[in-house]
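Fold the following and give me the result.
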Amino acid sequence: KGIISYITSRYWLNSSGAKKLIQRVKEELSFVSFVDIGKLKVFDEVAGQHMVALYAKNKALDNFLYKKLINDLTDIDSKQDTDNISIKTFTNSKIFSHPHEILIEEDLIEFKECVELGSICDVFQGVIQNPDKVSAISATKYDLPSRRGCFCIELSRV
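Prediction:
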């Protein structure tokens, strides 16, 4: 019946690479509270989206408080919605309803008249994380200075 809190990246909630972790959390823990920091910059040297979660080793808990920070951290202790925070109550049974994901805000997206992406364009690998410096191979291939900082977007016509 212990309680523990972690500050982590938010990406593991929907990551196929975290399948075992998600399954273990689903089987052994319940969320007590969840603060979604999102894209707000709270750590000087750390990029990404973050969350603060309080877990209990008690599967009898179902409801938990979810706080989504919007503009800044000023209202993090608020008990009601403000311009800086949105507060909701979610249930552990609902967010763990998918086998390999933890879906916190699933009901905020409504899909209508959808088509498969492959039916309107060619689908390729997608976004690939780019290195922060130009590699020797890319420098030669694209006539760029090697080891310089870069941001690259590759576009192709279909």
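
shaky segments in the protein?
105-110, 126-131, 150-158 (pLDDT under 70).

run the last query once more with 90
1, 9-19, 38-49, 58-61, 71-77, 79, 93-158 (pLDDT under 90).

remind me, longest helix of it?
helix 19-28 (DSSP state H).

helix or strand right after that helix?
strand 30-38 (DSSP states H and E).

Buried residues of the longest helix of the chain, list them for me.
22, 25-26 (16 or more other C-beta atoms under 10 Å). To be clear about C-beta, it is placed using only N, CA and C from the backbone, and glycine gets the same treatment.

repeat for stretch 27-44
29-32, 34-37.

Show me which of those residues is closest to Tyr142.
Nearest to Tyr142 out of these is Ile37 (C-beta to C-beta; 36.9 Å).

thought Ser9 was touching Val52?
No. Ser9 is beyond contact range of Val52, at 11.5 Å (criterion: C-beta atoms under 8 Å).

Comparing those two, which shows the higher neighbour count?
Val52 (17 against 14; other C-beta atoms under 10 Å).

Name the nearest residue to the more buried one, ignoring sequence neighbours.
What sits nearest to Val52 in space, not counting adjacent residues and going by C-beta to C-beta, 6 or more residues apart in numbering, is Val35, at 4.2 Å.

Pull up the gap between that neighbour and Asp77, please.
10 Å (C-beta to C-beta, to the nearest Å).

Ok, His50 next?
For His50 relative to Asp77 (C-beta to C-beta), the value is 18 Å.

neighbour count winner among these two?
A count of neighbours by other C-beta under 10 Å puts His50 above the other of His50 and Asp77, at 21 against 8.

Surely the more buried one touches Val35?
No. Applying C-beta under 8 Å as the test, His50 and Val35 come out as separate, 9.1 Å apart.

right, and Ser93 touches Leu61 too?
No. Between Ser93 and Leu61 there is no contact under C-beta under 8 Å: 10.3 Å.

who's more crowded, the two?
Leu61 (15 against 11).

ok, now which ones touch the nearest residue to the more buried one once chain neighbours are set aside?
In this structure, Leu61 finds its nearest non-sequential neighbour in Ser30, 4.0 Å apart by C-beta to C-beta, 6+ apart. By C-beta atoms under 8 Å, 6 or more residues apart in numbering, Ser30 lies in contact with 55-56, 58-62, 64, 92.

Specify which member of the residues you listed is nearest to Arg148.
Nearest member of the contacts of Ser30 to Arg148, counting by C-beta to C-beta, is Tyr55, at 43.8 Å.
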